[in-house]
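> Pasted the sequence and its predicted model underneath.
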There are 2 protein chains.
Amino acid sequence: MAGVSKVAPTPLLKDELDIVIPTIRNLDFLEMWRPFFEQYHLIIVQDGDPSKVIKVPEGFDYELYNRNDINRILGPKASCISFKDSACRCFGYMVSKKKYIFTIDDDCFVAKDPSGKDINALEQHIKNLLTPSTPFFFNTLYDPYREGADFVRGYPFSLREGIPTAVSHGLWLNIPDYDAPTQLVKPLERNTRFVDAVLTIPKGTLFPMCGMNLAFNRELIGPAMYFGLMGDGQPIGRYDDMWAGWCMKVICDHLGLGVKTGLPYIWHSKASNPFVNLKKEYKGIYWQEELIPFFQSATLPKDCTTVQNCYIELSKQVKAKLGKVDDYFLKLADAMVTWVEAWDELNPSGEKAVEQNGVVVAK
Amino acid sequence: MAGVSKVAPTPLLKDELDIVIPTIRNLDFLEMWRPFFEQYHLIIVQDGDPSKVIKVPEGFDYELYNRNDINRILGPKASCISFKDSACRCFGYMVSKKKYIFTIDDDCFVAKDPSGKDINALEQHIKNLLTPSTPFFFNTLYDPYREGADFVRGYPFSLREGIPTAVSHGLWLNIPDYDAPTQLVKPLERNTRFVDAVLTIPKGTLFPMCGMNLAFNRELIGPAMYFGLMGDGQPIGRYDDMWAGWCMKVICDHLGLGVKTGLPYIWHSKASNPFVNLKKEYKGIYWQEELIPFFQSATLPKDCTTVQNCYIELSKQVKAKLGKVDDYFLKLADAMVTWVEAWDELNPSGEKAVEQNGVVVAK
């Protein structure tokens, strides 16, 4: 299905990466990404009414799943995949057979760097994922593996090899990723600051992971990238990526895997409706005050050496400790288990593959 | 002594901040800083031969201390102040009576931002110090208190007030602050990347603090800013600021104080001799492999509620645990105690002042 390409003949990781896009509309936004995405395979997860036809521009190589497909493929386990919420994107992670995933929202466009040049976001994510992370000590010149940078004086030599990078979290120019209260208070604020840095989130530190512009090593961390129960029939929304980020970070810290944030930027075009967002978020905003201490103090036993083991263990802790906050977390804990079961069904050798890779190291 | 000023009539914190400069030469570099420094008071710590006369450009308001002055003022306690090493700068912190300190090396010049405008480094440090820090959770758009930025979606609201900032660590364009091995391997590397960000170093994370371009709140953290025993008669050099940074960070984490790094940049003009540096550093390079785990696991008892208490407690741990690494650390631990004693002699109400401020909070 490949069309006429404008990019270099073989882009990085061409056959090892899938681009996952959740959507409810025609994917015209891909036109702008054509030079950067056209040689990659797309996994489109269609949310909402499955009878609607989503148009994909000519020349892209893609597979598309709607709700009927999800129900057919997962059977009763489809209950763990959210409906009418972009959290459904994690189904795409599960059906992919590639080593790397890049996921992007359909209201995200190509941003320009300060020199006016189009930013190849995917290429930067790949660079982030293919170079190590340094979560055990902060480097003041940021990513020491970038050209023109290194570890500064006082950085322990024993830590300079770094550890494998599992996640690359990219940022957004124009519309910042604010919560509803901040949107309401600052309706006109735009992010215009281009910060030319990539950095490792230190071990033991949590951050708000946004799913808009995100890449990860599926072999290393895939089963932890579950976006939870949001949207239709659920009491909250807009915490799908946050939930995934907190679970993922606790597990990465335990397994010795790195998480980076910073470059690349995408251009986020459209602010979502703050009133609608407030309705989705308000429970999350107060539940979160208990979630953060929970994740900050969560520890995993030493014998959890695979992502799946870690995730199941975390689901038990969610049930035991967050069940008191709201019954929703009992349901979510069950869905976490269902997710891992579904993952292993679709990826029968997943666990073994990770072990064979020899990259997952115990703490 | 004020000359004709080119800056706004009343610069920020004019009467509450001292600029501390360690030097062995005439301070011609101040000419370039005149528009930014001229209205502030300078404390010059003359290193090396006290009979040498250091010329200070006309129009600056300063006091100057040479080794004879240090010996006279501190008596036997002068042993804690390094000689023939820029670590002597910490004497300036001790004799200051101001709330804030900015310290800068005499080979540092005014850098330009990407638009070509001179960077007022001191003003940026003051902004960093006067706005809170956020060490308990990472904000992906960096400093949430900067204009045009805020806390992103998923940042707990209970943490948005932040905590008082104790230290602002600035960076360097041109000559990066590399250790001798990296200097030898990359003699031509220059830092040309302007990263337009200020960020809080997360709680529990150590970093390599460079003393070249550094500001701090003396009332909040002054007694922890001891630059150790370096230079003449000591087995190592170039670890003075690192030592201060690790001690300071452990104490800030314990007391609930923040540490920022990033902007402002200065222009670092001259690479020091890597062969000389290697001689100074080589013991530090391997000792450091034991120092970092020591500081990473150091905890202070709850009843340590002042910087002085914390620092004395830390000196005991240094003696007990690092004394085994080398006898040097026994001597250093004693000097840490001497330093605090000397600090309290010169700042008799120091401890009380901090308590009255009500900003030091127990963990």
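Structure received. Residues are numbered from 1 along each chain as shown, chains lettered A, B, ... in the order given.

> Quick check: A:Phe295 touching A:Leu206?
Yes: judged on C-beta atoms under 8 Å, A:Phe295 makes contact with A:Leu206 at a distance of 5.8 Å. C-beta coordinates here come from the backbone N, C-alpha and C atoms, glycine included.

> shared neighbours of these two, anything?
Residues touching both A:Phe295 and A:Leu206 (C-beta atoms under 8 Å, 6 or more residues apart in numbering or on different chains) are A:246, A:249.

> what's the average pLDDT for stretch A:176-187?
Mean pLDDT, stretch A:176-187: 96.

> wait, does it contact chain B?
Yes: counting by C-beta under 8 Å from any C-beta of the partner chain, chain B has neighbours in stretch A:176-187: A:176-179, A:181-182, A:186.

> Would you convert the residues you listed into TSV that also reports distance to A:Pro22, secondary structure and neighbour count?
Below are the residues of stretch A:176-187 next to chain B laid out as TSV (distance: C-beta to C-beta, whole Å; DSSP: H, G, I helix; E, B strand; the rest coil; neighbours: other C-beta atoms under 10 Å in any protein chain shown):
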residue	distance to A:Pro22	secondary structure	neighbour count
A:Pro176	20	coil	26
A:Asp177	16	coil	23
A:Tyr178	20	coil	25
A:Asp179	20	coil	24
A:Pro181	25	helix	17
A:Thr182	24	helix	21
A:Lys186	27	coil	13
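
> Tell me the residues of the stretch 51-200 of chain A that contact chain B?
Counting by C-beta under 8 Å from any C-beta, the stretch 51-200 of chain A sits next to chain B at A:114, A:137-142, A:146, A:148-159, A:169, A:171, A:176-179, A:181-182, A:186, A:189-197.

> cool, and the stretch 251-363 of chain A?
So far as C-beta under 8 Å from any C-beta goes, the stretch 251-363 of chain A lies against chain B at A:261, A:281, A:285, A:288-289, A:292.

> Recalculate using a threshold of 10 Å.
A:259, A:261-262, A:277, A:281, A:284-286, A:288-293, A:296 (C-beta under 10 Å from any C-beta of the partner chain).

> for stretch A:223-231, which positions count as buried?
A:223-231 (16 or more other C-beta atoms under 10 Å in any protein chain shown).

> try stretch A:97-108
Judged by neighbour count using 16+ other C-beta under 10 Å, the buried positions of stretch A:97-108 are A:98-108.

> Relative to A:Gly211, which of those is nearest.
Relative to A:Gly211, the closest of the buried residues of stretch A:97-108 is A:Thr103; by C-beta to C-beta it sits at 6.3 Å.

> So of the buried residues of stretch A:97-108, which two are at opposite extremes in space?
Taking C-beta to C-beta, no two of the buried residues of stretch A:97-108 sit farther apart than A:Lys99 and A:Asp107, at 27.3 Å.

> Let me see the ranges of the helices in the stretch 101-250 of chain A.
Remark: helices assigned in the stretch 101-250 of chain A by DSSP state H, counting those that start in this stretch are A:121-130, A:180-185, A:218-221, A:240-255.

> Quick check, pLDDT for A:Gly350.
pLDDT at A:Gly350 comes out at 47.

> ugh, wrong one, A:Ser272
89.

> Quick one: residues contacting it.
A:107, A:175, A:177-178, A:180, A:183, A:238, A:280 (C-beta atoms under 10 Å, 6 or more residues apart in numbering or on different chains).

> Confirm that it lies within a helix, as I assumed.
No: counting by DSSP: H, G, I helix; E, B strand; the rest coil, A:Ser272 is not part of a helix but coil.

> Spatially nearest residue to A:Gly48 (excluding sequence neighbours)?
The shortest distance from A:Gly48 to any non-neighbouring residue, by C-beta to C-beta, 6 or more residues apart in numbering or on different chains, is to A:Ile24 (4.6 Å).

> how far away is that neighbour from chain B?
Going from A:Ile24 to chain B by C-beta to the nearest C-beta, to the nearest Å gives 20 Å.

> ok, that residue touching A:Asp106?
Yes: if you go by C-beta atoms under 10 Å, A:Ile24 and A:Asp106 touch, sitting 8.4 Å apart.

> Residues that sit against both of these two, list them.
Shared contacts of A:Ile24 and A:Asp106 (C-beta under 10 Å, 6+ apart): A:54, A:86.

> one step back: can you redo the contacts of A:Ser272 as CSV with distance to B:Gly59?
As requested, the contacts of A:Ser272 are exported to CSV (distance: C-beta to C-beta, whole Å):
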residue, distance to B:Gly59
A:Asp107, 56
A:Ile175, 49
A:Asp177, 49
A:Tyr178, 47
A:Ala180, 54
A:Gln183, 50
A:Arg238, 57
A:Lys280, 61
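
> What count of nearby residues applies to whichever residue of the stretch 1-150 of chain A sits closest to chain B?
Proximity of the stretch 1-150 of chain A to chain B (C-beta to the nearest C-beta) peaks at A:Phe138, 3.8 Å away. For A:Phe138, the neighbour count with other C-beta atoms under 10 Å in any protein chain shown is 23.

> and the residue lying closest to it once chain neighbours are set aside, what does it touch?
Spatial nearest neighbour of A:Phe138, chain neighbours left out: B:Phe207 (3.8 Å); criterion: C-beta to C-beta, 6+ apart. Counting by C-beta under 10 Å, 6+ apart, B:Phe207 makes contact with A:137-140, A:152, A:154-155, A:202, B:169, B:201, B:242, B:245-246, B:249, B:259, B:261.

> do the same with A:Gly211
With C-beta under 10 Å, 6+ apart, A:Gly211 has these contacts: A:20, A:22, A:86-87, A:89-90, A:103-105, A:169, A:177, A:225, A:227, A:240-242, A:244-245.

> Closest one to B:Gln124 out of the contacts of A:Ser272, please.
Of all those, A:Tyr178 has the smallest distance to B:Gln124: 25.0 Å, by C-beta to C-beta.

> wouldn't the closest one be in contact with A:Leu278 here?
No: using C-beta under 10 Å, A:Tyr178 is not in contact with A:Leu278; the gap is 11.7 Å.

> shared neighbours of those two, anything?
A:Leu184.

> The residue of the stretch 1-150 of chain A closest to chain B and B:Asn71, how far apart?
38 Å (C-beta to C-beta, to the nearest Å).

> do you know how far A:Asp61 is from A:Asp196?
In terms of C-beta to C-beta, A:Asp61 sits 32 Å off from A:Asp196.

> gap between the two ends of stretch A:227-247?
Terminal residues of stretch A:227-247 are spaced 10 Å apart (C-alpha to C-alpha, to the nearest Å).

> circling back to that earlier point, list the residues that contact the residue of the stretch 1-150 of chain A closest to chain B.
By C-beta under 10 Å, 6+ apart, A:Phe138 lies in contact with A:152, A:155, A:199-200, A:202, A:205, B:199, B:201-202, B:205-208, B:249, B:259, B:261.
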